[in-house]
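**Student:** Task: produce atomic coordinates for the following.
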Amino acid sequence: MPRISPVLGSADAAVTAILDDIKARRGKVPNAMATLAQSSAAFNGYHAFSKALMRGRLTSRQREIVALVTAQANACQYCLSGHTQTAATVGLSSSEILNARAGKSGNALDNAIATFAVKVIQHKGLVDDADLAVAREAGVDDGLMVEVIANISLNTLTNYNNRLADTEIDFPAVQVEL
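**Tutor:** Numbering: from 1, shown residues only. As a prediction, the model looks like this:
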């Protein structure tokens with residue numbers, strides 16, 4: 001049983017409209033979104049930030065890699081489960097998903113992004129100059145670095161909220177352990 005319950009039709013009008021749109025597009029409102037909707041400010045902020053990042057330079061595949069790295073680092077089973085399903089829909093194979101969770105990829109740029117994300121998370125943003133140089137050599141310029149950090153931040157919000165709430169997983173469950 002969740003520690004914080006999902007909102008079931010009692011949200012403010014703006015939140016309700018977004019939840020209705022999610023339901024129309026996906027066929028359901030994921031429990032993570034309905035739980036985050038307990039705070040209209042947090043939910044609306046998350047939604048606006050998410051939409052803004054979708055218009056960034058990271059591809060949907062790269063955003064999912066960052067989401068998987070972040071969920072793995074934060075041991076969020078809900079987010080690992082949801083992002084594993086989403087990653088498959090954007091073209092990551094099962095082995096690529098496992099590699100992403102470990103901060104790796106067979107694609108040079110995706111690998112640099114995943115490795116950089118791991119370094120940011122492990123060192124709480126204090127990435128050393130040598131690691132910055134490696135990322136830059138692989139094509140992760142300053143703008144992409146900032147965008148990776150923004151995606152880590154967005155995913156950390158849902159990771160922490162789902163861990164606190166003990167959100168019921170409504171996707172095929174994925175174990176945190178690799």
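
**Student:** Contacts for the helix or strand bottoming out on mean pLDDT in the chain, please.
**Tutor:** Using mean pLDDT, DSSP states H and E, the weakest-scoring helix or strand in the chain turns out to be helix 13-26, at a mean of 91. By C-beta atoms under 8 Å, 6 or more residues apart in numbering, the residues outside helix 13-26 that reach it are Val7, Gly9, Ala11, Val29, Pro30, Met33, Ala34, Ala37, Ser40, Phe43, Asn44, His47. Using the backbone N, CA and C atoms, a C-beta is placed for each residue, glycine as well.

**Student:** Out of the residues you listed, the closest to Arg63 would be?
**Tutor:** His47 (15.2 Å; C-beta to C-beta).

**Student:** Look up the pLDDT of the closest one for me, please.
**Tutor:** You'll see His47 listed with a pLDDT of 96.

**Student:** One more: the one 3 residues further on?
**Tutor:** What the model reports as pLDDT for Ser50 is 97.

**Student:** circling back: which helix or strand lies directly C-terminal to the least confident helix or strand of the chain?
**Tutor:** helix 31-36 (DSSP states H and E).

**Student:** Pull out the buried positions in that next one.
**Tutor:** Using 16 or more other C-beta atoms under 10 Å as the burial criterion, the residues of helix 31-36 that qualify are Asn31, Ala32, Met33, Ala34, Thr35, Leu36.

**Student:** Quick check, Ser81 in contact with Ile169.
**Tutor:** Yes. If you go by C-beta atoms under 8 Å, Ser81 and Ile169 touch, sitting 5.1 Å apart.

**Student:** So which of these two has more stuff around it?
**Tutor:** When Ser81 and Ile169 are compared on other C-beta atoms under 10 Å, the one with more neighbours turns out to be Ser81, at 21 against 18.

**Student:** Return the distance of Asn107 relative to Ala173.
**Tutor:** 28 Å (C-beta to C-beta, to the nearest Å).

**Student:** To clarify, my last question referred to Asp12.
**Tutor:** For Asp12, the distance to Ala173 - C-beta to C-beta - is 31 Å.
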